[in-house]
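In: sequence plus predicted model, see below.
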Amino acid sequence: MKQKYLPLTATILIFVLSYALCAAQYPNILSTRVIGNLLTDNAFLGIAAVGMTFVILSGGIDLSVGSVIAFTGVFLAVVLEHTSMHPLAAFALVLAITTLFGALMGVIIHYLEMPAFIVTLAGMFLARGMAFVLSIDSIPIKHPFYATLKGFYYKLPGGGRITLIGGLMLLVFAVGILIAHRTRFGTNVYALGGGTATAKLMGVPIASTTVKIYALSGLLAGLSGIVFSLYTSAGYSLAAVGVELDAITAVVIGGTLLTGGSGFVAGTLVGIFIQGLIQTYITFDGSLSSWWTKILIGALLFAFILLQKGIIHLSRDDRQRA
Amino acid sequence: MQASSDNILSAVRIDKGFPGTKALDKVDFHLQRGEVHALLGENGAGKSTLIKCLTGAYRRDGGSILLDGVEVDPRDTFDAQRLGIGTVYQEVNLLPNLSVAENLFLGRQPRRFGMVDIRAMNRKARELLSEYELELDVTRALASYSVAIQQVVAIARAVDLSGKVLILDEPTASLDAHEVALLFRIVRRLKARGLGIIFITHFLEQVYEISDRITVLRNGRLVGTRNTADLARRDLVAMMIGRELAAEIHAVHANAAEGEPRYRFRNYGRRGRIDPFDLNVRGGEVVGIAGLLGSGRTETAEVLFGAHRADSGTAEIDGRRVELSSPRAAIRQKFGFCPEDRKTDGIVGDLSVRENIVLALQARRGWTRPISRAEQNRLADLYIRALDIRTADREKPIKLLSGGNQQKAILARWLATEPEFLILDEPTRGIDVGAHAEIVRLIESLREKGMSLIVISSEIEELVAYSTRVIVLRDRAHVAELGGERITAHQIVEAIAAANERRAS
């Protein structure tokens, strides 16, 4: 088997194994209801994580995601409360804003040669601050269109539902996979992660690729914010704190190398599932504190970083023998 | 030589200067269609500067470049590639994490309905590589193949993109004999297709195996272009290390080197870096180390200084066994070492001249016993005066000084620790003629004060001028020792060339 599939295989294996263990204890976990909820509950995180996958594949990081989600939610709530704008128009507007916001961070990262960590950290504070400027309260969204959207779902046999937002997440993953593996832009993202200097020598358009990557992450953070507002039916500036870290976790558990250049968008989906599964298990158990989610995920994250180190080490040995 | 119609690439009177040095001085270079042209010269001769001017990585200060008889002016390497000049470097400039096919077609992947047609790309990649006798799984990551294969992939990409001139910059440095043979088969095939190939290496036997003509540069100047078949190895070595000043300068004060050796290294060496050697150094003696690039000169210095721990042999100082297991241990024994590349190993650019000078002394005393500011000032002023370091004042950041003055500051750093055994690796590299003479005088005066010095240099006349003995290296082993009357430029060149001839046979 090719080495690049190793982390992904490990992720899938861990998911299947832990799912089997959970199912052995609580057979209900296999029901389509649980699966449907797993998709719905993690939809906003999954969508944000697709953008994060591209950013990390290119060797960068985007810390602004959680704040952008909160900003989007507050923006939508405020606009829908105070104006007569149709939600769809508001969606388009907010997506344009967050995409531009991401693109702007990309421009700063590339042209001012600033580390992505610092630029997106500033973006994180900025977006959160803008959310507070719009409103410090939790504003409920009562627009009838929201109820309509929530009414859309696909009923699975066994009573489970694939909601609109759950389905949207799967769609975003499908498109993300296509972009990553079947477009020149996707290859350029990997090229950037393999080494910016070399990629430049080989003629990769570094500037436009970097800007597009962060614009994509901004777009998907905005979409994630829309999904989050549909999910919670409210906008609150303190919402979604630390979601960017959950997204990074999903990406790394999904087998993407934190240093960039190697990984799969599909792996991130499995990473999301693993996080969701742990959460579900703890809900089922009922006696465990929800902090166990964090502890388990922390341990898992650590194990994956070790695994990646090991693989890199092995591949180096391999090359020396070849 | 006139630019003939056979020339695919002509560089005429190329000039390139850097602050403080003239890297290229009116260099002419002509490459013919279907030839392998070796570009040779010691470190700092200007080979890589010339290549960078040809590929647009540097902007030349003067001169013109003609490609196929048309004047061109590549703005960057990408531009040069479009014009038809492709380059493959020693370190493969491809992306290890992408597949072989992606590396070959990055930026020009075949597409269908807006999506990359992976199957077509892989097929084209296989076709392309089959011309190079390579049967690879092109979907695998480049990193999973050996450096030689990666090198061939890089060549395939460069030729596919450029197709007129291929520059190979030390492509064989990390390859074994079998891999070199593979590479050479490909080079010959490309040559037959009419490409002009520039080959840079420091392995002379490879030059004789593959090249049709040889151009030698030295100190930024063209020494000459010869047909490989007409150029004896000995003459080539002489061209490379230069004997313009062939005046058989004196053999230095042989009497200065009498008495018992203070430093005895027996069977000293480290596997994979330098073969075990015996070396005795007396007080007041300058032992010169000569040899071509890659012969083990720097490795010898590093083993002596403990930068790479010796794994065989013993070291004695005044008859007493010592362990030189690390630079710290060596410094405790009053050793000093000025490394070859002062930019990466020597100066700390942003620190002032004063701070750079006291660095080694402070390191030896340990950070718990700081040198007072007054003492630092005294030391800095002392050496700035003694070595005539030209700086506005002692607080100027050292990176603003010229190469020669930086070199003197590093020397001052070690002299401040009052060493008794000083190793200088290429102390006169990249500095102007005036500073050059001063460094040579300084070495002389240190020797007269009774210090033991090891000086590594590719400047043969220089070694002749100050050495009491000269050791000749080849293939990471000490092969000859010249003393007294035998220290002449002629003898040293003979020893180096003889060594190389033996290796080739």
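Out: Perfect, I can see it now. Numbering: from 1, shown residues only, chains lettered A, B, ... in the order given.

In: switch to C-alpha atoms for all contacts and neighbour counts from now on
Out: Fine.

In: right, and A:Ser237 touches A:Phe125 too?
Out: No: with contact defined as CA atoms under 8 Å, A:Ser237 does not reach A:Phe125; the gap is 11.7 Å.

In: the two: which has the busier surroundings?
Out: Between A:Ser237 and A:Phe125, counted using other CA atoms under 10 Å in any protein chain shown, A:Ser237 has the larger neighbour count: 28 against 15.

In: mind listing the helices for the stretch 51-200 of chain B?
Out: For the stretch 51-200 of chain B, applying DSSP state H, counting those that start in this stretch gives helices covering B:77-83, B:100-105, B:118-130, B:147-161, B:177-192.

In: deepest of these, which one?
Out: helix B:100-105 (a mean of 26; mean count of other CA atoms under 10 Å in any protein chain shown).

In: packing partners for that helix?
Out: helix B:118-130, helix B:147-161 (3 or more CA pairs under 8 Å, 6 or more residues apart in numbering or on different chains; DSSP states H and E).

In: redo these as JSON lines? Include distance to A:Gln25 and mean pLDDT.
Out: Output for the helices and strands packed on helix B:100-105, formatted as JSON lines (distance: least, CA to CA, whole Å; pLDDT from 0 to 100):
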{"stretch": "helix B:118-130", "distance to A:Gln25": "44", "mean pLDDT": "92"}
{"stretch": "helix B:147-161", "distance to A:Gln25": "51", "mean pLDDT": "87"}
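
In: could you dump those helices into TSV with distance to chain A added?
Out: Supplementary listing: the helices and strands packed on helix B:100-105 in TSV, determined by distance: least, CA to the nearest CA, whole Å:
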stretch	distance to chain A
helix B:118-130	8
helix B:147-161	8
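
In: and those: which comes nearest B:Phe184?
Out: Closest to B:Phe184 of the helices and strands packed on helix B:100-105, according to CA to CA: helix B:147-161, at 10.3 Å.

In: A:Thr198 - how many residues pack around it?
Out: Applying other CA under 10 Å, I find that A:Thr198 has 17 neighbouring residues.

In: three-state assignment of it?
Out: helix (DSSP: H, G, I helix; E, B strand; the rest coil).

In: surely it meets B:Asn97?
Out: No: counting by CA under 8 Å, A:Thr198 does not reach B:Asn97; the two are 11.6 Å apart.

In: can you give me the pLDDT of the closest residue to chain A within the stretch 251-400 of chain B?
Out: Of all residues in the stretch 251-400 of chain B, B:Gly272 sits closest to chain A, at 16.0 Å by CA to the nearest CA. B:Gly272 carries a pLDDT value of 76.

In: got phi/psi on it?
Out: B:Gly272 adopts backbone torsions of phi 90, psi -10, taken as degrees, to the nearest 10.

In: do B:Pro276 as well
Out: Backbone torsions for B:Pro276, taken as degrees, to the nearest 10, come to phi -60, psi 140.

In: my guess is it meets B:Arg270, correct?
Out: Yes: using CA under 8 Å, B:Pro276 is in contact with B:Arg270, at 6.8 Å.

In: next, show the common contact partners of the two.
Out: Common neighbours of B:Pro276 and B:Arg270 are listed as B:Ser312 (criterion: CA atoms under 8 Å, 6 or more residues apart in numbering or on different chains).

In: relative to A:Ala131, which of the helices of the stretch 51-200 of chain B is closest?
Out: Of all the helices of the stretch 51-200 of chain B, helix B:100-105 comes closest under CA to CA, at 42.7 Å.

In: quick one: residues in contact with stretch B:156-171.
Out: For stretch B:156-171, using CA under 8 Å, 6+ apart, the contacting residues are B:8-9, B:51, B:81-91, B:103-105, B:128-129, B:132, B:151, B:194-202.

In: quick one: end-to-end distance for that stretch.
Out: Terminal residues of stretch B:156-171 are spaced 13 Å apart (CA to CA, to the nearest Å).

In: so where's the stretch 401-505 of chain B shaky on pLDDT?
Out: Low-confidence segments of the stretch 401-505 of chain B, defined by pLDDT under 70: B:430-435, B:499-505.

In: please redo it, this time with the cut-off set to 80
Out: Applying pLDDT under 80 to the stretch 401-505 of chain B flags residues B:401-405, B:407-408, B:428-439, B:458-461, B:475-476, B:484-486, B:497-505.

In: now the strands for it?
Out: Secondary structure of the stretch 401-505 of chain B (DSSP state E, counting those that start in this stretch): strands at B:421-425, B:452-456, B:469-474, B:477-483.

In: just give me how far the second one sits from the chain centre.
Out: Pointing back at strand B:452-456 there. 19 Å (CA atoms, centre = their mean, to the nearest Å).

In: strand partners (parallel or antiparallel) of it?
Out: strand B:285-290 (parallel), strand B:421-425 (parallel) (DSSP bridges).

In: part of a helix, is B:Gly283?
Out: No: under three-state DSSP, B:Gly283 falls outside any helix and is assigned coil.

In: check what pLDDT it gets.
Out: On the pLDDT scale, B:Gly283 gets 84.

In: and it, how many neighbours does it have?
Out: 22.

In: surely it touches B:Ile454?
Out: No: using CA under 8 Å as the test, B:Gly283 is too far from B:Ile454 to be in contact (11.3 Å).

In: which one of the helices and strands packed on helix B:100-105 lies closest to A:Ile179?
Out: The nearest among those, by CA to CA, is helix B:118-130 at 13.1 Å.

In: which elements pack onto that closest one?
Out: Partner elements for helix B:118-130 (3+ CA pairs under 8 Å, 6+ apart): helix B:100-105, helix B:147-161.

In: doesn't B:Phe337 fall inside a strand?
Out: Yes: B:Phe337 sits within a strand when classified using three-state DSSP.

In: find the residue closest to it in space, skipping its chain neighbours.
Out: B:Ile423 (4.6 Å; CA to CA, 6 or more residues apart in numbering or on different chains).

In: got the contact list for that neighbour?
Out: With CA under 8 Å, 6+ apart, B:Ile423 has these contacts: B:301, B:335-338, B:453-456.

In: A:Met85: what secondary structure?
Out: coil.

In: before we move on, the earlier item: turn the helices and strands packed on helix B:118-130 into a markdown table, including distance to B:Leu182.
Out: Listed next are these as a markdown table, based on distance: least, CA to CA, whole Å:
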| stretch | distance to B:Leu182 |
| --- | --- |
| helix B:100-105 | 18 |
| helix B:147-161 | 8 |
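
In: strands of chain A, residue ranges please.
Out: A:139-140, A:153-155, A:161-163, A:234-235 (DSSP state E).

In: and the ones you listed: which comes nearest chain B?
Out: strand A:161-163 (29.1 Å).

In: fine by me, thanks again.
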